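A.B. asks: sharing a sequence plus its predicted fold:
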Amino acid sequence: MSKHGRILVAMSGGVDSSVAAVMLHEQGYEVIGLTMKTWDYASSGSSSKETGCCSLDSINDARALAVSYGFPHYILDIRNEFGDFVIDNFVDEYLAGRTPNPCVLCNTYIKWEALLKRADKLDCEFIATGHYANIRRHTNDRYVISKGKDENKDQSYVLWGVSQENLARTMFPLGGYTKNEIRQMAVDMEQQDLAKKSESYEICFVPDNDYRAFLRHRVEDLDDKIGPGNYISSDGTIIGTHKGYPFYTIGQRKGLGVAFGKPMFVTAILPQSNTVMLGSEDELKKSSAVVRNVNLIKYEHITEPLEVLTKIRYKDAGTMSSIIEQKGVINVDFTHSVSGIAPGQSAVFYEGNDLIGGGFLI
């Protein structure tokens, strides 16, 4: 019988989840490793070598580590669930003129649910992942996510959608460590190859980071169905021609295909008319935002204005703002204008290091 009970650890084959599994094993938990197969490159039409969390090499690396430490390892094929929900949403969002957030959707609706279902079957009380974040029970009895120690690696931004019920059974063993410390732990474990593994910042199902090619592969005759459209200025003047609205994102400056003699940015996407609006950097700035599909973590409701730091993208430093919950959405008023608010991306709210919650920008 283990010292602390049985725990299911999501193992991608990378250094973070591998060290998390070993850490819990050495703390006395009865660890069971699980690698989720979410995608294969052949389905994306990519000719690139398969790398990352879904590759055969990564699965083998996770299994080899588990075997070396003497705990079980399983592979769970969730490609159908992942594809039906995350991939379909990714395509639908671009076709709706928005910029999707697939990692948030995957965490919220696919990975946690898949892990906990398998945890129940294996009699595991808890699950653990290699995310750089912390979790604790707040004084109001809610489970609160807070930023990880390593500001450069903090992953709390992509966890805003995880439910209270699921957080109650979740552990983040790496929250109190930096990436360098985790790599050193891998070296100390005599896992030098693991310690040297590079990180992938690509979307797992877009291996060459070319979402436009991915859309063309997924949507038959996409270029013919949508075709070229007009660039317009904020006053409605036609100023050029683009290749089709799904191939552009808010804030984009490069790859417009037209020289304007001055920097121009995508400021709006109008799918109904296949129109892309361009403007100056100042025209990208907004002083407020509305957020839908809200999941609150630290508090059950926000019925009075609350001063928070709002991040509108993963690497955003954040902007102080006032938020309030009204009619199922969060209204955000920034203390100063912010650039590049992209519908479909996540807005995530912080009080100090604590994650208040988040949602999708409208």
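C.D. replies: Okay, I see it.

A.B. asks: count of neighbours near residue 313?
C.D. replies: Using other C-beta atoms under 10 Å, residue 313 is surrounded by 18 other residues. In this view, the C-beta of every residue, glycine as well, is placed from N, C-alpha and C.

A.B. asks: wait, it sits on residue 338?
C.D. replies: No. The criterion here is C-beta atoms under 8 Å, and residue 313 misses it with residue 338 at 10.0 Å.

A.B. asks: how about the helices in the stretch 151-300 of the chain?
C.D. replies: Using DSSP state H, counting those that start in this stretch, the helices of the stretch 151-300 of the chain run over residues 164-167, 179-188, 192-195, 211-218, 222-226.

A.B. asks: and of the ones you listed, who's closest to residue 258?
C.D. replies: Taking C-beta to C-beta, helix 211-218 is the member of the helices of the stretch 151-300 of the chain nearest to residue 258, at 17.0 Å.

A.B. asks: contact partners of that closest one?
C.D. replies: By C-beta atoms under 8 Å, 6 or more residues apart in numbering, the residues outside helix 211-218 that reach it are 44-45, 87, 91, 94, 203, 205-206, 222-223, 246-247.

A.B. asks: please save the CA atoms from that helix in PDB.
C.D. replies: What follows is helix 211-218, C-alpha atoms only, in PDB (Å, rounded to 0.1, in the frame of the first residue of the first chain):
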ATOM      1  CA  TYR A 211      -2.700  27.000 -39.900                       C
ATOM      2  CA  ARG A 212      -3.700  28.200 -43.300                       C
ATOM      3  CA  ALA A 213      -2.400  25.000 -45.000                       C
ATOM      4  CA  PHE A 214      -4.200  23.100 -42.200                       C
ATOM      5  CA  LEU A 215      -7.500  24.800 -43.000                       C
ATOM      6  CA  ARG A 216      -7.100  24.100 -46.700                       C
ATOM      7  CA  HIS A 217      -6.500  20.400 -45.900                       C
ATOM      8  CA  ARG A 218      -9.600  20.200 -43.600                       C
END
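
A.B. asks: can you give me the buried ones in that helix?
C.D. replies: By 16 or more other C-beta atoms under 10 Å, the buried positions in helix 211-218 come out as 211-212, 214-216, 218.

A.B. asks: using CSV, please lay out those residues together with distance to residue 175 and pLDDT.
C.D. replies: Below are those laid out as CSV (distance: C-beta to C-beta, whole Å; pLDDT from 0 to 100):
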residue, distance to residue 175, pLDDT
211, 31, 95
212, 36, 96
214, 33, 95
215, 36, 96
216, 40, 96
218, 36, 94
